[in-house]
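A.B. asks: give me a 3D structure for the following:
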Amino acid sequence: MDAMHVRHMTTADLEQYDDLFRYAFQVTEKTLLEYGWDSDEIRQSKFPILEKASVLGWFDGDRLASQFAVFPLQMNIHGCIRDIGFVTSVATYPEYSGMGLMSKLMRLSLEEMRERGQTVAFLYPYSIPLYRHKGWEIVSDKMTFHIKDS
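C.D. replies: As a prediction, this is how the structure comes out:
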């Protein structure tokens, strides 16, 4: 833990950000090709997150261990436009799990959101029990709409 530190990530961290994202969400080259992407395209698609979002990372020396991103959005809540944070790219390498890294990143990110006036945070969890344990709660069910283009 002595060599570990938290810092904001930038586009200079794109390769490590993308590597951890792919590892955590099991994005393989085969999957990318099936959807019509190549490696460079998907990596470039992550630039807006690192440019516009607040992305915090735990680093072990120079190696990224854990990341947490909050993308700024606005949402109409009962007729009032609010600044909100969309949480994305939450990931930790398994050798760093159980060390409290994600809890710290989450707390720091939520504090920064408060300072920016973002009073609501949204995320789409892969594991509801995991995030519920961290204090998050479900606010809606999945809804599907079918819209005719005519």
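A.B. asks: which strands and helices lie in contact with the lengthiest helix in the chain?
C.D. replies: Ranked by number of residues, the top helix in the chain under DSSP state H is helix 101-115. Packing partners of helix 101-115 (3 or more CB pairs under 8 Å, 6 or more residues apart in numbering; DSSP states H and E): strand 4-8, strand 54-60, strand 63-77, strand 80-92. Placement of C-beta: from N, CA and C, glycine included.
A.B. asks: okay, now residue 102: neighbour count?
C.D. replies: 21 (other CB atoms under 10 Å).
A.B. asks: same thing with the one 10 residues further on?
C.D. replies: Each residue near residue 112 was counted by other CB under 10 Å, and the total is 15.
A.B. asks: one step back: can you pull the alpha-carbon coordinates of the longest helix of the chain into CSV?
C.D. replies: Extracted in CSV, the C-alpha atoms of helix 101-115 (Å, rounded to 0.1, in the frame of the first residue of the first chain):
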residue,chain,number,x,y,z
LEU,A,101,-9.8,0.8,-3.1
MET,A,102,-13.3,1.0,-4.7
SER,A,103,-15.0,2.2,-1.6
LYS,A,104,-12.4,5.1,-1.4
LEU,A,105,-12.8,5.9,-5.1
MET,A,106,-16.6,5.9,-4.7
ARG,A,107,-16.5,8.2,-1.7
LEU,A,108,-14.1,10.6,-3.3
SER,A,109,-16.1,10.7,-6.5
LEU,A,110,-19.4,11.3,-4.6
GLU,A,111,-17.7,14.2,-2.7
GLU,A,112,-16.5,15.7,-6.0
MET,A,113,-20.0,15.4,-7.4
ARG,A,114,-21.4,17.3,-4.4
GLU,A,115,-18.9,20.1,-5.0
